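Colleague: What would the 3D arrangement of this be:
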Amino acid sequence: MSQVFMNCPNTGNPVYVGLNMEFNELESHELDTAEMTLEKCTLCGKDHVFRMRDLFLRSDGGG
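Modeller: This is a model prediction of the structure:
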């Protein structure tokens with residue numbers, strides 16, 4: 001499983017949002033307008049609202 005990230009709007013750096021999924025799972029979700037919240041960003045300490053289209057995957061290095 002890959003880790004799901006978004007870019008912190010304050011630092012511009014990738015931050016893990018606490019989700020794990022495969023690429024096909026992420027791609028299968030419709031880019032709807034539902035908003036989710038990342039509470040206490042590990043980079044800046046603020047809460048961030050995001051949508052599915054804001055997310056990207058990073059491999060966990062597993063086989």
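Colleague: contacts and neighbour counts: CA atoms only from here.
Modeller: Fine.
Colleague: hmm, which helix or strand of this protein has the shakiest average pLDDT?
Modeller: Lowest by mean pLDDT, DSSP states H and E among the helices and strands of the chain is helix 23-28, with a mean of 70.
Colleague: contacts for the helix or strand following that one?
Modeller: Proceeding N to C from helix 23-28, the next assigned helix or strand is strand 36-38, under DSSP states H and E. For strand 36-38, contacts defined as CA atoms under 8 Å, 6 or more residues apart in numbering pick out 17, 47-51.
Colleague: now do 10 Å
Modeller: Residues outside strand 36-38 that contact it (CA atoms under 10 Å, 6 or more residues apart in numbering) are 6, 8, 15-18, 46-52.
Colleague: any chance you could map the strands in this structure?
Modeller: Shown for the chain, the strands assigned by DSSP state E span residues 2-7, 14-21, 36-38, 48-50, 56-58.
Colleague: now the angle between strand 14-21 and the first one, please.
Modeller: Angle between the axes of strand 2-7 and strand 14-21 is 150 degrees (criterion: axes from the mean of the first three to the mean of the last three CA atoms, to 10 degrees).
Colleague: From the contact counts, what lies against strand 2-7?
Modeller: strand 14-21, helix 23-28, strand 48-50, strand 56-58 (3 or more CA pairs under 10 Å, 6 or more residues apart in numbering; DSSP states H and E).
Colleague: and those, which one is worst for confidence?
Modeller: In terms of mean pLDDT, the lowest-scoring of these is helix 23-28 (a mean of 70).
Colleague: in stretch 4-21, what's buried?
Modeller: Going by neighbour count (16 or more other CA atoms under 10 Å), the buried part of stretch 4-21 is 4-8, 14-17, 20.
Colleague: What separation do you get for Glu22 and Gln3?
Modeller: Using CA to CA, to the nearest Å, Glu22 is found at 8 Å from Gln3.
Colleague: what touches both of those two?
Modeller: 57-59.
Colleague: Of the residues you listed, keep whichever come out buried.
Modeller: Buried among the shared contacts of Glu22 and Gln3 (16+ other CA under 10 Å): 57-58.
Colleague: what about Asp2, neighbour count?
Modeller: Wrong residue type there; residue 2 is Ser, not Asp. Residues within reach of Ser2, counting by other CA atoms under 10 Å, total 16.
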